[in-house]
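Undergrad: fold the stuff below for me.
(one chain, ligands or ions: 1)
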Amino acid sequence: MDSRSKGRTAVEVGADGVALITIINPPVNSLSFDVLYSLSENYEEALRRNDVKAIVITGEKGKFSGGFDITGLGGSQERKPKPDSMSVDFLSDVVEGAKKPSVAAVDGLALGGGLELAMACHARISTSSAQLGLPELQLGIIPGLGGTQRLPRLIGLSKSLDMMLTSKPIKGEEAHALGLVDAIVLPAELIKTARRWALDISEYRRPWVLSLYKTSKLEPLKEVREICKFARAQVQKEAPNVKHPLICIDVIEEGIISGPRVGLRKEAEASQVLSQSDTSKSLVHVFFAQRATSKIPGITDRGMMPRQVNKVAVVGGGLMGSGIVTALILNNFPVILKEMNENLLQTGINRVKANLKRQMAKGTIPLEKFDKTVSLLKGVLNYESFKEVDLVIEAVVENIVVKQQIFTDLEKYCGPHCILASNTSTIDLTLIGAKTQSHDRIVGAHFFSPAHIMPLLEIVQTPQTSPQVILNLISLAKKIKKTPVLVGNCTGFAVNRIFFPYTQAATMLVERGAHPYKIDQVVTKFGMPMGPFRLADLVGFGVAIATAKQFINEFPDRTHRSMLISIMQEDKRAGESTRKGFYLYDEKRRASPDPELNKYIEKARSISGIAVDPKIQNLPEKDIIEMIFFPVVNEACRVLSEGIAVKASDLDIASVLGMSFPAYRGGIMFWADSLGTKYVCSRLEEWSKDYGGFFNPCNYLAQRAAQGIPLSSPADQAKPRL
Ligand code: NAD
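TA: Below you'll find the predicted structure:
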């Protein structure tokens with residue numbers, strides 16, 4: 001292979017007259033340009049040679065193909081055009097339209113372009129564990145190699161829409177039941193069966209099926225229109241700010257109504273346009289940023305091997321502890337849970353069981369796995385068995401004295417290799433470990449609530465935490481399906497710190513005349529799952545006030561002090577848990593507006609002495625978004641300049657996975673870059689003149705704006721605190 005080339009295919013013609021074409025492009029045999037050129041050459045040869053009767057396509061090392069190589073779709077880069085071999089015509093005319101039949105031998109992955117290639121073959125043989133899917137929509141594009149036309153024809157419209165719109169793959173068995181694959185075999189039998197099958201087709205012993213022209217699985221036209229109408233309504237409700245799911249439905253519908261050739265043309269045109277869209281650039285950026293979080297200079301590039309964590313202990317079975325236990329046992333880790341007394345222990349274990357039951361109800365885990373999963377959990381009231389564990393995660397009340405005592409005990413009872421982690425949200429980790437001699441193995445493992453669902457894990461490093469400990473925790477995070485982001489030790493770490501101005505800015509706008517419901521509505525329309533006031537209700541006012549105090553103490557120069565939430569709390573409104581906060585809640589926790597809210601707003605305004613500003617009262621939606629999110633960008637810049645985060649893209653992931661900032665905007669920094677640092681900085685300057693230091697752009701942002709450098713460029717001037 002040419003050292004510059006990225007993958008290839010190899011062809012081998014057997015004595016049986018079958019040309020076996022193997023995709024070779026580790027790790028997932030993606031369809032790079034080089035693979036595709038090579039594939040078209042191999043095809044040409046196989047079709048030309050008289051000794052070849054049929055073709056089998058497979059992927060090296062048990063992976064068919066993970067799909068089109070999207071490295072060329074880098075977030076902000078110019079995108080290269082696809083080669084001819086990557087065109088729909090190649091698959092339709094050369095592969096599907098050939099005079100010799102092709103069979104796909106699928107093991108491991110057949111995703112995106114990989115599945116589209118397999119669908120252009122005349123049959124598919126698969127293993128039961130293979131994963132087949134068209135996940136293009138999660139990258140802001142649609143299947144562009146005939147997938148929108150062939151999948152509905154192979155498995156019917158309803159199921160194919162479901163697979164494309166959710167981007168979720170299915171396993172071999174289900175694919176077989178649906179008709180996407182023709183036979184399921186053991187991995188060892190795969191190639192042999194596929195060869196036989198291909199010869200059988202060429203010798204007319206099995207049907208020669210062109211998926212593009214199959215109609216038996218398609219619903220009647222009237223039903224097609226109904227299904228598409230329903231799907232459109234669903235996606236408009238769930239993702240109103242993005243267009244590609246709607247375009248995907250249009251393309252599919254058009255192909256069914258006007259025929260597959262028209263559908264293919266429409267698919268090609270739409271793919272071309274969508275691959276250049278901001279949405280796709282943002283989603284591709286998020287895709288790569290997520291993978292980049294575990295590439296950490298000085299830690300993951302030293303050749304160290306992560307040490308195996310076999311058993312974990314969790315101290316505290318409250319809200320967070322029970323969620324952390326759930327995440328661990330769901331991923332097969334044996335766990336010891338310690339609580340203070342029998343009663344609290346049982347409550348914690350019951351919480352874990354309730355979490356598991358909810359996952360079962362959603363179909364995430366099968367019913368039969370429940371008992372086995374619960375059996376991985378052992379409850380204890382002392383530390384005697386802690387010598388067996390390799391990692392402890394402390395999740396007790398946010399109290400420095402209690403935590404210090406626990407860490408002293410942990411040092412006494414755990415083995416010297418054991419990692420001692422705390423889930424604290426606010427307390428300095430150095431203080432937590434102050435009374436121990438174990439500073440190199442003390443680390444933050446900051447989960448987000450609910451811990452078994454939220455995908456982010458902030459790993460908090462102190463100056464003393466050893467790289468090996470970080471590496472071990474990164475490895476564990478992946479095993480429990482969390483995305484690890486390494487952050488430095490500061491108030492709020494990354495997510496809570498960069499988002500503290502979010503609620504503060506919103507409250508400031510309310511005191512100056514904006515209405516909380518209007519703000520929530522605009523922020524939700526922007527793409528957040530809920531606005532800042534609905535979020536405050538969910539978190540609870542007790543936590544909101546305690547957290548705000550921490551930030552006011554730590555960053556007095558840039559915090560807005562409002563009495564609004566405190567006044568409401570004094571009146572026994574503490575958010576969703578009390579059924580009254582900024583909204584009223586019914587027994588199903590559905591929120592509705594409360595006219596009484598205005599009374600508290602008036603009172604907060606009179607206490608702070610801030611007059612209603614007609615400009616803020618009538619603030620356009622765009623300005624509401626900017627006044628709320630630009631201070632978040634500003635704080636994220638401080639976090640970067642202080643070296644709390646390794647790179648800007650980590651903050652993008654932290655914002656997307658920790659705060660549900662819309663992925664289709666690329667994360668907080670990518671979004672700011674899309675507007676331009678100059679613009680963000682100049683708006684903050686403008687507001688800081690009118691409304692004070694809260695909006696003052698930090699030096700890092702001001703410098704980047706002055707030099708026209710995007711926030712995503714490496715922060716080489718930062719002094720790392722990691
Ligand atoms: P919680 O009050 O729900 O649970 C704390 C549990 O710790 C209680 O069940 C208590 O009985 C137990 N506990 C106290 N002392 C103990 C001891 N010595 N041994 C064993 N158990 C003991 O609190 P929570 O919301 O689960 O928060 C726990 C930690 O997680 C805190 O440090 C908090 O800051 C952090 N955190 C909370 C959230 C959140 O959203 N609630 C998010 C991230 C991190």
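Undergrad: next, A104: secondary structure please.
TA: For A104, the assignment made with DSSP: H, G, I helix; E, B strand; the rest coil gives strand.
Undergrad: how is the chain carved up into domains?
TA: Taking the TED database as the reference, the chain has its domains at 8-276, 312-475, 495-707.
Undergrad: and the one helix or strand in the chain whose mean pLDDT sits lowest, what other elements does it pack with?
TA: Lowest by mean pLDDT, DSSP states H and E among the helices and strands of the chain is helix 88-89, with a mean of 78. Helices and strands touching helix 88-89, as assessed by 3 or more CB pairs under 8 Å, 6 or more residues apart in numbering; DSSP states H and E, comprise helix 260-275. From N, CA and C alone the C-beta is placed, and that goes for glycine too.
Undergrad: residues in contact with the helix it packs on?
TA: Contacts to helix 260-275, defined as CB atoms under 8 Å, 6 or more residues apart in numbering, come from residues 73, 79, 87-88, 92, 140-144, 146-149, 153, 212-213, 244, 247-248, 250-252, 254-256, 280.
Undergrad: dump the domains of the chain to JSON lines, plus mean neighbour count and distance to F288.
TA: Output for the domains of the chain, formatted as JSON lines (neighbours: other CB atoms under 10 Å; distance: least, CB to CB, whole Å):
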{"stretch": "domain 8-276", "mean neighbour count": "20", "distance to F288": "7"}
{"stretch": "domain 312-475", "mean neighbour count": "19", "distance to F288": "16"}
{"stretch": "domain 495-707", "mean neighbour count": "19", "distance to F288": "8"}
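Undergrad: for those, which one sits closest to P297?
TA: domain 495-707 (7.4 Å; CB to CB).
Undergrad: endpoints of the closest one, how far apart?
TA: Distance between the two ends of domain 495-707: 27 Å, counting by CA to CA, to the nearest Å.
Undergrad: who in this structure is up against the ligand?
TA: Within the chain, the positions lying close to the ligand (CB under 6 Å from any ligand atom) are 315-321, 338-340, 344, 395-398, 402, 406, 423-425, 447, 449.
Undergrad: and the average pLDDT for stretch 314-330 is what?
TA: The pLDDT scores in stretch 314-330 average 97.
Undergrad: quick check, distance from it to the centre of its chain.
TA: 21 Å (CA atoms, centre = their mean, to the nearest Å).
Undergrad: one more: stretch 58-65?
TA: With CA atoms, centre = their mean as the basis, stretch 58-65 stands 26 Å off its chain's centre.
Undergrad: pLDDT on it, on average?
TA: Taken as a whole, stretch 58-65 has an average pLDDT of 97.
Undergrad: between the two ends of it, how far is it?
TA: In stretch 58-65, first residue to last residue: 8 Å (CA to CA).
Undergrad: can you list contacts of it?
TA: 20-31, 104-111, 113-114, 117-118, 130, 187, 190-191, 194.
Undergrad: among the residues you listed, which are located in helices?
TA: Counting by DSSP state H, the part of the contacts of stretch 58-65 found in helices is G113, G114, L117, A118, L190, I191, A194.
Undergrad: hmm, A104 and the fourth one touching each other?
TA: So that's A118. Yes. If you go by CB atoms under 8 Å, A118 and A104 touch, sitting 3.6 Å apart.
Undergrad: joint contacts of the two?
TA: I57, F64, A110, R124.
Undergrad: who does the last one form a beta bridge with?
TA: Read it as R124. Beta-bridge partners of R124, counted by DSSP bridges, are A104.
Undergrad: before we move on, the earlier item: among the ones in helices among the contacts of stretch 58-65, which pair sits farthest apart?
TA: Every pair of these checked by CB to CB; the farthest is G113 and I191, at 21.3 Å.
Undergrad: H446 sits in which helix or strand?
TA: Assigned by DSSP states H and E, H446 belongs to strand 442-447.
Undergrad: what's near enough to touch the residue of the stretch 1-150 of the chain found nearest the ligand?
TA: Residue nearest to the ligand within the stretch 1-150 of the chain: Q138 (27.1 Å; CB to the nearest ligand atom). Contact analysis of Q138 by CB under 8 Å, 6+ apart lists S167, L283, F287.
Undergrad: ok, so of those, who is nearest K525?
TA: Closest to K525, out of all of the contacts of Q138 and judged by CB to CB, is L283, at 19.3 Å.
Undergrad: so which of the shared contacts of A118 and A104 are in strands?
TA: I57, A110, R124 (DSSP state E).
Undergrad: only alpha carbons, please: show stretch 539-551 as CSV.
TA: Taking C-alpha atoms only, stretch 539-551 is exported to CSV below (Å, rounded to 0.1, in the frame of the first residue of the first chain):
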residue,chain,number,x,y,z
VAL,A,539,-32.5,21.6,40.1
GLY,A,540,-34.3,23.1,43.1
PHE,A,541,-33.9,26.5,44.7
GLY,A,542,-31.8,25.1,47.6
VAL,A,543,-29.1,23.9,45.3
ALA,A,544,-29.4,27.0,43.0
ILE,A,545,-28.9,29.4,45.9
ALA,A,546,-26.0,27.4,47.4
THR,A,547,-24.3,27.2,44.0
ALA,A,548,-24.8,30.9,43.3
LYS,A,549,-23.2,31.8,46.6
GLN,A,550,-20.1,29.8,45.7
PHE,A,551,-19.7,31.7,42.4
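Undergrad: contacts for it, please.
TA: In contact with stretch 539-551 (CB under 8 Å, 6+ apart) are residues 398, 425-426, 491-492, 496-497, 500, 503-504, 536, 559, 565-566, 568-569, 573-577, 581.
Undergrad: apply 10 Å and report the result again.
TA: Stretch 539-551 is contacted from outside by 398, 425-427, 449, 491-492, 496-497, 500-501, 503-504, 507, 532, 535-538, 558-562, 565-566, 568-570, 573-578, 581-582, 635, using CB atoms under 10 Å, 6 or more residues apart in numbering.
Undergrad: got it, and stretch 354-368?
TA: So stretch 354-368 is contacted by 322-323, 325-327, 329-330, 369-370, 372-374, 377, 450-453 (CB under 10 Å, 6+ apart).
Undergrad: and the helices in the stretch 151-300 of the chain?
TA: 157-166, 172-178, 190-202, 221-238, 244-258, 260-275, 278-292 (DSSP state H, counting those that start in this stretch).
Undergrad: give me the angle between the first one and helix 244-258.
TA: Helix 157-166 and helix 244-258 meet at an angle of 150 degrees, taking axes from the mean of the first three to the mean of the last three CA atoms, to 10 degrees as the criterion.
Undergrad: what about helix 157-166, distance to the chain center?
TA: Its chain's average C-alpha position is 20 Å from that of helix 157-166, according to CA atoms, centre = their mean.
Undergrad: how about V314, phi and psi?
TA: Phi and psi for V314, reported as degrees, to the nearest 10, are phi -120, psi 130.
Undergrad: actually F582, not the one I typed
TA: Dihedral angles (degrees, to the nearest 10) for F582: phi -70, psi -20.
Undergrad: ok, it - contacts?
TA: 510, 516-517, 519-520, 531-537, 541, 564-565, 568, 573, 575-576, 591, 593-594, 597, 600-601.
Undergrad: isn't G513 up against L619?
TA: Yes. Using CB atoms under 10 Å, G513 makes contact with L619 at a distance of 8.1 Å.
Undergrad: for the residue nearest to A198 when sequence neighbours are not counted, list the residues it contacts.
TA: With CB to CB, 6 or more residues apart in numbering as the criterion, A198 has its nearest non-adjacent residue at 3.5 Å, and that residue is A54. Listed by CB under 10 Å, 6+ apart, the contact set of A54 reads 16-19, 46, 98, 100-103, 122, 194-203.
Undergrad: can you tell me how far the residue of the chain at minimum distance from the ligand is from G643?
TA: Ranked by CB to the nearest ligand atom, the top residue of the chain for proximity to the ligand is G318, at 1.7 Å. Separation of G318 from G643 (CB to CB, to the nearest Å) stands at 32 Å.
Undergrad: right, I'll call it a day here.
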